[in-house]
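**Student:** Just the structure for this:
(one chain, ligands or ions: 1)
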Amino acid sequence: MELRGKIRPQAASGGVAEQHVSQPGTPPPPPSPRGNVLGGSECGRELARAASWRTLKQAEATKRKYQASSEAPPAKRRSKTSFLPAKKTAKEAQRTFKGKPQKTFSPKKSSAGTSDRNQEQKPCVKTSSLFKNNPEIPELHRPVVKQVQEKVFTSDAFHELDLHPHLISTINTVLKMSSMTSIQKQSIPVLLEGRDALVRSQTGSGKTLAYCIPVVQSLQAVKAKIQRSDGPYALVLVPTRELALQSFDTVQKLLKPFTWIVPGVLMGGEKRKSEKARLRKGINILISTPGRLVDHIKSTGNLHFSRVRWLILDEADRILDLGFEKDITVILNAVNAECQSRQTVLLSATLTEGVTRLAGISLHNPVSISVLDESHDQSNPKGKAVLEVSPPRTSDELDSFAIPESLDQHVTLVPSKLRLVSLAAFILQKCKFEKDQKMIVFFSSCELVEFHYNLFLQTLLSSSGAPAPGQLPSASTRLKFLRLHGNMEQEERTAVFQEFSHSKTGVLLCTDVAARGLDLPQVKWIVQYNAPSSPAEYIHRIGRTARIGCHGSSLLILAPSEAEYVNSLASHKINVSEIKMEDILSVLTRDDCFKGRRWGSQKSRAVGPQEIRERATVLQTVFEDYVHSNERRVSGAKKALQSFIRAYAAYPRELKHVFHVRSLHLGHVAKSFGLRDAPRNLSVSAVTKRKANLKRPDLHKKTQSKQRLAEILRSEYSSGMEAGLAKVKKQNKHTEPGSQPCSADAAGAQPQPWEKSKKRSR
Ligand SMILES: Nc1ncnc2c1ncn2[C@@H]1O[C@H](COP(=O)(O)OP(=O)(O)OP(=O)(O)O)[C@@H](O)[C@H]1O
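**Tutor:** Sure thing, here's the model as predicted:
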């Protein structure tokens, strides 16, 4: 098979071809030796010249190689400007790629560290072979599906509702809103009637106010005026600390005229002592992440739920997902033990089986509220918003989610080796060459975020003075990178969240910790560098743009072997259109610092695929130089790669045919981490696990993968108090016996609201 023949030699060398190019005899001022401390502007200029010269020479060498050998650009092309042949179908490409799986895990070449030493000893540079031996990019035959869409706004004003006049004026003047969204119009009256409800509407359609307004309206009307010391009347659970902060902000605004009702937020990061003190004083509308609330249930003596009238689960499907089950059990048991009648509301843009399961257990005669737009809902030809009484949904309906009409979704197929340069090129295109662009890039783990954040910060951003090793000579001052993930200190997380919220531009690199509920204004682009683990997460990630009727776009980056994922999205009525990788990379021709051989001499030269290849190679070399500039960076890249593989192995069973570790070419993937070789020891654990799995029964295998996924989720959505939890448990045993209505042990002894559902579904 042709493709296999091409891949094999590279697989044997760890998948990354290298070329050593001796420096010619008459170079411009030679680069200063590594490690030299340069100071002053003259030295800065010298270093900049040297860096430019180095990248120029590297690109030249690559070009010479292509021109002189049979490894010139592949003969079969999709179009004039395409880079890679595209004859095979996605399945064929996948099959071919899977042909030699073991080899991809056993690189024979030296480790990155060794390469580094070689590089220091010999006067040579390494040139990336980005465009050789890649799998073919299949033609994307994407099925065109009709997306489910909803109408966002109604022409009805808030004052048409039976609300306290001060509440209406607060909505109008403080929040500056006059007309209701469709979901608000449907939900508010129903919730004010006292019904339990499942509320589902597209991302950014105003669900927060759909529950906050009824809660505030009902609590301000409580006859014996609410006292702070009464404790919680409403519990609002949200999956992340940032969302807790955001919801708290909305509640606080609505409560302006009702100063006797005290809102509060528990969200980790803060000292438990001060949170305890606030709880002791009293919080009437308590907003928290599940983990944090459980910590307080277990450790705080004065948290009582006897007056709870509202239990709100925002992003309910996430909260009831893996990783939160235990926490929710503890919370429900604690609340149930003290209060029997309350109103429960579950909200999400993606109602799933899990949510309706819980609804069957803890909701009383619930109403299911959703909004479907006239033009898109065949079953509702008159175009009225639909108010449904549960259980109305078929599994097909539950599988398709509404997507904002003004959201353009795209996908691009990029071979592993070219992923990093493609992402960088896309960021540069949108955020360097276009004005006022705000972008969020999603990764599958904290380590991946950290790695890419540091890499881009050091290579694409300009610092004052001379470019650092591996930095582009004309790195941009326009770019701003931020990062957000579960391993950051809370203080920094909050600062980043606030900064990105208020900024007009910037690139936020993050994990799914930012996927749910966050209302970050003016985000224009969502990039998914690692595909999400479910269609629901896909919906929430892209839902950070195109909110409340604004326009936005998204880009999903897939490997050729993952092309099938597009069909999986289509089966959930998600439509994506393709952007060609070469179109993304072509932006590099707009930036002089990526210029190759004819640098500075032929300004008007036509830009062709070869030129784009050269420039992509220059950029990749900058990344590789940065990563290999010291051992710490090499080890950081390896860690990130390992984390990527772990996350890849954790894709759920139903997506394993698309994302399977066996379809990864480790050498090629390593390249996308700026590594010149595939790390040796990485293969061992991966192969061992695979072998072990083969021996295990199906059930065990499933559990293992779920546990892995749960671990990843837990790390993302942690309460921030895990470290101290064991200590607290011990203390509870000895110092606060019986003080908790629902200690860990008690939760185990009491009826578990989850037990039934677990048995049914898993
Ligand atoms: N009636 C309204 N008029 C104008 N803007 C509104 C209205 N209701 C809500 N908004 C604004 O719309 C944005 C999105 O609202 P919100 O965050 O509640 O959406 P959501 O449906 O909860 O989204 P997600 O599913 O992503 O959590 C917010 O900025 C909010 O202030």
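**Student:** Only C-alpha atoms from now on, for both contacts and neighbour counts.
**Tutor:** Fine.
**Student:** worst-scoring helix or strand of the chain, pLDDT-wise?
**Tutor:** The helix or strand of the chain with the poorest confidence is helix 744-749; it has a mean of 26 (mean pLDDT, DSSP states H and E).
**Student:** Could you give the number of residues near residue 504?
**Tutor:** Neighbour count of residue 504, defined by other CA atoms under 10 Å: 14.
**Student:** element containing the nearest residue to it once chain neighbours are set aside?
**Tutor:** Of all residues not flanking residue 504 in the chain, residue 436 sits nearest, at 6.0 Å (CA to CA, 6 or more residues apart in numbering). According to DSSP states H and E, residue 436 maps onto no helix or strand at all.
**Student:** and what of the one 5 residues further on?
**Tutor:** Secondary structure here is read from DSSP H and E; on that basis residue 441 sits in strand 438-442.
**Student:** Could you export that strand as PDB, keeping only the C-alpha atoms?
**Tutor:** Extracted in PDB, the C-alpha atoms of strand 438-442 (Å, rounded to 0.1, in the frame of the first residue of the first chain):
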ATOM      1  CA  LYS A 438     -11.400  37.700  21.000                       C
ATOM      2  CA  MET A 439     -10.900  33.900  20.900                       C
ATOM      3  CA  ILE A 440     -11.200  30.900  23.200                       C
ATOM      4  CA  VAL A 441      -9.100  27.800  22.500                       C
ATOM      5  CA  PHE A 442     -10.200  24.600  24.200                       C
END
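**Student:** quick one: contacts for residue 130?
**Tutor:** Taking CA atoms under 8 Å, 6 or more residues apart in numbering, we find residue 130 in contact with 417, 418, 617.
**Student:** helix/strand/coil for it?
**Tutor:** coil (DSSP: H, G, I helix; E, B strand; the rest coil).
**Student:** any chance you could read off phi and psi for it?
**Tutor:** phi -70, psi -30 (degrees, to the nearest 10).
**Student:** before we move on, back to that, packing partners for the strand holding residue 441?
**Tutor:** When contacts are defined as 3 or more CA pairs under 8 Å, 6 or more residues apart in numbering; DSSP states H and E, strand 438-442 packs onto strand 506-510, strand 525-528.
**Student:** can you tell me the residue of the stretch 451-600 of the chain closest to the ligand?
**Tutor:** For the stretch 451-600 of the chain and the ligand, the shortest gap (CA to the nearest ligand atom) falls at residue 517, measuring 3.2 Å.
**Student:** Quick check: that residue touching residue 315?
**Tutor:** Yes: under the criterion of CA atoms under 8 Å, residue 517 makes contact with residue 315 at 7.1 Å.
**Student:** quick one, the host helix or strand of residue 430 and strand 438-442 angle?
**Tutor:** For residue 430, the host element (DSSP H and E) is helix 419-431. Computed with axes from the mean of the first three to the mean of the last three CA atoms, to 10 degrees, the direction of helix 419-431 lies at 160 degrees from that of strand 438-442.
**Student:** Can you tell me what sits against helix 419-431?
**Tutor:** 414, 437-439, 456, 478-479, 505-507, 529, 581, 584-585, 587-588, 616, 619-620, 672-673.
**Student:** Using PDB, list the CA coordinates for that helix.
**Tutor:** Taking Å, rounded to 0.1, in the frame of the first residue of the first chain, the C-alpha atoms of helix 419-431 are listed here in PDB:
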ATOM      1  CA  ARG A 419      -1.400  20.700  14.200                       C
ATOM      2  CA  LEU A 420       0.700  23.100  16.200                       C
ATOM      3  CA  VAL A 421       1.700  25.400  13.300                       C
ATOM      4  CA  SER A 422      -1.900  25.300  12.000                       C
ATOM      5  CA  LEU A 423      -3.200  26.400  15.400                       C
ATOM      6  CA  ALA A 424      -0.600  29.200  15.700                       C
ATOM      7  CA  ALA A 425      -1.400  30.300  12.100                       C
ATOM      8  CA  PHE A 426      -5.100  30.500  12.900                       C
ATOM      9  CA  ILE A 427      -4.500  32.500  16.000                       C
ATOM     10  CA  LEU A 428      -2.200  34.900  14.100                       C
ATOM     11  CA  GLN A 429      -4.700  35.200  11.300                       C
ATOM     12  CA  LYS A 430      -7.500  36.200  13.600                       C
ATOM     13  CA  CYS A 431      -5.900  38.000  16.400                       C
END
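**Student:** Show the average pLDDT along that helix.
**Tutor:** Here helix 419-431 scores 96 as its mean pLDDT.
**Student:** quick one, that helix and strand 506-510 angle?
**Tutor:** Using the same axes, to 10 degrees, helix 419-431 lies at 140 degrees relative to strand 506-510.
**Student:** Now for residue 174: which residues touch it?
**Tutor:** With the criterion set at CA under 8 Å, 6+ apart, residue 174 makes contact with residue 253.
**Student:** And it, how far from residue 519?
**Tutor:** Residue 174 sits 17 Å away from residue 519, going by CA to CA, to the nearest Å.
**Student:** What strand or helix carries residue 264?
**Tutor:** strand 263-266.
**Student:** wait, residue 537
**Tutor:** Using DSSP H and E, the element containing residue 537 is helix 535-542.
**Student:** For that helix, name the packing helices and strands.
**Tutor:** strand 525-528.
**Student:** which residue packs closest to residue 144, ignoring adjacent ones?
**Tutor:** residue 575 (6.5 Å).
**Student:** ok, the one you found to residue 372 distance?
**Tutor:** 18 Å.
**Student:** quick one: which of these two has more around it?
**Tutor:** Using other CA under 10 Å as the criterion, residue 575 and residue 372 rank with residue 372 on top: 25 against 21.
**Student:** Tell me how far that one lies from the ligand.
**Tutor:** 14 Å (CA to the nearest ligand atom, to the nearest Å).
**Student:** try residue 615
**Tutor:** In terms of CA to the nearest ligand atom, residue 615 sits 38 Å off from the ligand.
**Student:** Help me confirm that that residue is found in a helix?
**Tutor:** Yes: note on residue 615: a helix contains this position according to three-state DSSP.
**Student:** coming back round to it: you'd agree the residue of the stretch 451-600 of the chain closest to the ligand is in a strand?
**Tutor:** No: looking at residue 517 with three-state DSSP, it is coil, so not inside a strand.
**Student:** count of residues packed around it?
**Tutor:** 27.
**Student:** Distance check, it against residue 447.
**Tutor:** From residue 517 to residue 447 the distance is 23 Å (CA to CA).
**Student:** do the same with residue 169
**Tutor:** For residue 169, the distance to residue 447 - CA to CA - is 46 Å.
**Student:** ok, now residue 591?
**Tutor:** Look at residue 591 and residue 447: by CA to CA, they are 30 Å apart.
**Student:** So which of those two has more stuff around it?
**Tutor:** residue 447 (21 against 16).
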